[in-house]
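S.K.: With the input below, show me the fold.
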Amino acid sequence: MFLAITHWDIALPTVTVHYSKDAKEQLKYIWNVQHRIFKGRMQPGGGTRDYGFLSPDEKFFMEISWWNDGDLRHCVNITPKWPNTHIYLDANGDIDHSEGSGTDSDRLKQCITDTAPP
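M.R.: So this is what the prediction gives:
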């Protein structure tokens, strides 16, 4: 018996940002994944997600910038791992790097297109 495959469901590596439910204000963000740009807003207790490439080349980059209407401004470059990379933001909107937070800190570094700190 011959089985023809006509559709492929390929899981791409994703990055999920989780924003603390204890936060008091929304955050605005911009995803930049190899110049595929998406803008949005995160509410307390919410988050956002974007995906990388199945076979990225040496020019691949993925970053997210986020800010509030005050002094908060962050940007982080991400090397996504399959199947998912997680970033947890605390109530202040800062990345939670504490032990047990769930943040994949080893996949994060300073942005290449924005000078805001990670």
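S.K.: can you give me the strands for the chain?
M.R.: 14-19, 27-33, 36-42, 47-51, 62-67, 73-78, 84-89, 108-110 (DSSP state E).
S.K.: so residue 51 sits right up against residue 31, yeah?
M.R.: No - counting by C-beta atoms under 8 Å, residue 51 stays clear of residue 31, with 9.6 Å between them. In this view, the C-beta of every residue, glycine as well, is placed from N, C-alpha and C.
S.K.: Between the two, which is the more surrounded one?
M.R.: residue 31 (21 against 16; other C-beta atoms under 10 Å).
S.K.: one step back: as a markdown table, the strands of the chain with mean pLDDT would be great.
M.R.: Below are the strands of the chain laid out as a markdown table (pLDDT from 0 to 100):
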| stretch | mean pLDDT |
| --- | --- |
| strand 14-19 | 97 |
| strand 27-33 | 96 |
| strand 36-42 | 96 |
| strand 47-51 | 96 |
| strand 62-67 | 96 |
| strand 73-78 | 96 |
| strand 84-89 | 97 |
| strand 108-110 | 94 |
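S.K.: Show me the contact partners of stretch 67-79.
M.R.: 15, 25-29, 61-66, 85, 87, 92-95, 107-118 (C-beta atoms under 8 Å, 6 or more residues apart in numbering).
S.K.: Now list the buried members of those.
M.R.: Among the contacts of stretch 67-79, the ones that count as buried by 16 or more other C-beta atoms under 10 Å are 15, 27, 29, 61-66, 85, 87, 93, 95, 107-108, 111, 114, 118.
S.K.: Identify the residues contacting the residue nearest the centre of the chain.
M.R.: Among the residues of the chain, residue 15 comes closest to the average C-alpha position under C-alpha atoms, centre = their mean, at 4.4 Å. Counting by C-beta under 8 Å, 6+ apart, residue 15 touches 49-52, 62, 64, 78, 80, 84-87.
S.K.: one step back: could the strands of the chain go into JSON lines alongside distance to residue 102?
M.R.: As requested, these are exported to JSON lines (distance: least, C-beta to C-beta, whole Å):
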{"stretch": "strand 14-19", "distance to residue 102": "8"}
{"stretch": "strand 27-33", "distance to residue 102": "18"}
{"stretch": "strand 36-42", "distance to residue 102": "16"}
{"stretch": "strand 47-51", "distance to residue 102": "12"}
{"stretch": "strand 62-67", "distance to residue 102": "17"}
{"stretch": "strand 73-78", "distance to residue 102": "15"}
{"stretch": "strand 84-89", "distance to residue 102": "5"}
{"stretch": "strand 108-110", "distance to residue 102": "13"}
